[in-house]
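S.K.: task: produce atomic coordinates for the following.
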Amino acid sequence: MGDVEAKLDHENHLLLDQPLLRLPVELLRKNFRSAHFEVEKDGTYLKNTLRETATGAVNGRAQQADVLRSLDAMIARARGTKRKLTAFAEEEARLHRHEHARVAHLSALYSMYSVDDVKYEAWSRVRLDRLIVDYLLRHGYNESARALAQEKGVEPLVDLETFEQMSRIRKCILNRSVTEALAWCTAGDTKKELRKMDSNLEFMLRFQQYIELVRDRSTKPTEILTYARKFLFPYRDVYKKEVLQACGMLALPPGSAQDIDAYANLYSPGRWEMLANLFTSTHNALLSLPSVPLLHIALQSGLSALKTPACHSSHPASAAAPSHSTSLSLATSVCPICSTELNELARSVPYALHSKSNVEPDLLMLPNGRAYGKARLEEYARKAGCLDGQVKDLRTGEIFSFDRLKKVFIT
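M.R.: Numbers count the residues shown, from 1 in each chain. This is a model prediction of the structure:
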């Protein structure tokens, strides 16, 4: 093909790298909301306690010792608030450092204008390291991800702490414990954000706790009813089906529910996998994270950009059988999608939308399967001193007679 300079499309690059900038911003918002929540909570406590103490001292109902104890409690509470705010400030500073490093990383892209630029190759390697770390984190390989990030020096460009926390909670759910996930749902301002999203995560976790209480034969019926009244019945209008099933489970313990599919599924161990997936999807939605690894998105984009209808025709190209036809030989030699390794992988991705072609005009194919523009072949043959009626392959140096060349039509 022609040596057409591949212009760098900065905007399309940023489409893939949006989460790189978005997540620190979401974490900063979450950190600020949590700090604000603590200030409001402790501030309300201090104001009410101070009002009560002052009123009691003025009215003579509070003794001097009581006033001193109250003041000591307020001072201790204020010191605790200060420690919390110090931790929030340190987290904010860390997130700002990460955001600065990521902005600098993406800004460097705008100093490059071609994919052939040496600087772009180095930048792409850094991005590949980021995508691999992201992939490892999403699949729970936290130690490998951290080691790779440290080795490549991309720690500020990846989200180790966020995904490690997610992986830890997911693992607890798969180990049949919802305590950690419930703590995450109710921590700080998360509960309010989940309510805005109409998330059912907290209810489903509470429902699973209820199921485990019913499953445990040693649990007293009064304890089960108390739990249901507190955590399930308030949602009877929103989750009517689940609340009715919870009532039915009192009459259908695990041993007697095997023949009823609806209740057998409730007692099924597969619910833990469902809850783990629900937590993961909710966590990602809350932090505006893609539902799949960025490496998958990048790979799908690349496959789609190269895919054409001919890549999955009724006669798929195979590198092991390059002699089926002339077009097949061309495909196996220059088309990555037609290769054995990528053909099946690209089958489910859409075709690329090409508004213009970068292929040279008057394309001719040599007997070895390579294709070049007619003008370039003639110019190179003249410079190489070939005989009349001969052309020379620009890459391999092979010489062929002009009558052996075939016209290539691209549709």
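S.K.: ok, and what's touching the strand or helix carrying Ala305?
M.R.: Secondary structure from DSSP states H and E places Ala305 in helix 294-306. For helix 294-306, the external contacting residues (C-beta atoms under 8 Å, 6 or more residues apart in numbering) are 16, 19, 130-132, 134-135, 290, 335-337, 342, 345-346, 349-352. For glycine as for every other residue, the C-beta is placed from the backbone atoms N, C-alpha and C.
S.K.: using CSV, list the CA coordinates for that helix.
M.R.: Coordinates of each C-alpha in helix 294-306 appear next as CSV, following Å, rounded to 0.1, in the frame of the first residue of the first chain:
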residue,chain,number,x,y,z
LEU,A,294,-10.6,-0.4,28.6
LEU,A,295,-8.4,-3.0,26.9
HIS,A,296,-11.5,-4.6,25.4
ILE,A,297,-12.8,-1.3,24.2
ALA,A,298,-9.5,-0.4,22.5
LEU,A,299,-9.2,-3.8,20.9
GLN,A,300,-12.8,-3.7,19.6
SER,A,301,-12.2,-0.3,18.2
GLY,A,302,-9.1,-1.4,16.4
LEU,A,303,-10.8,-4.5,15.0
SER,A,304,-13.8,-2.6,13.9
ALA,A,305,-11.6,0.0,12.1
LEU,A,306,-10.0,-2.7,10.0
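S.K.: and that helix, how far out from the chain's middle?
M.R.: In terms of C-alpha atoms, centre = their mean, to the nearest Å, the gap separating the centre of helix 294-306 from the centre of its chain is 15 Å.
S.K.: tell me the SS of Glu91?
M.R.: helix (DSSP: H, G, I helix; E, B strand; the rest coil).
S.K.: that one and Asn31 touch, don't they?
M.R.: Yes. At 5.3 Å, Glu91 and Asn31 qualify as touching, with contact defined as C-beta atoms under 8 Å.
S.K.: please say which of the two ends up with more neighbours.
M.R.: For Glu91 versus Asn31, the count of surrounding residues by other C-beta atoms under 10 Å is larger for Asn31: 20 against 17.
S.K.: ok, the closest residue to Pro221 other than its chain neighbours to Thr219 distance?
M.R.: Computed as C-beta to C-beta, 6 or more residues apart in numbering, the closest residue to Pro221 that is not its neighbour in sequence is Leu250, at 7.4 Å. When distances are taken as C-beta to C-beta, to the nearest Å, Leu250 and Thr219 turn out to be 11 Å apart.
S.K.: okay, which residue is most central for this structure?
M.R.: Nearest residue to the geometric centre of the chain (C-alpha atoms, centre = their mean): Pro290, 3.9 Å.
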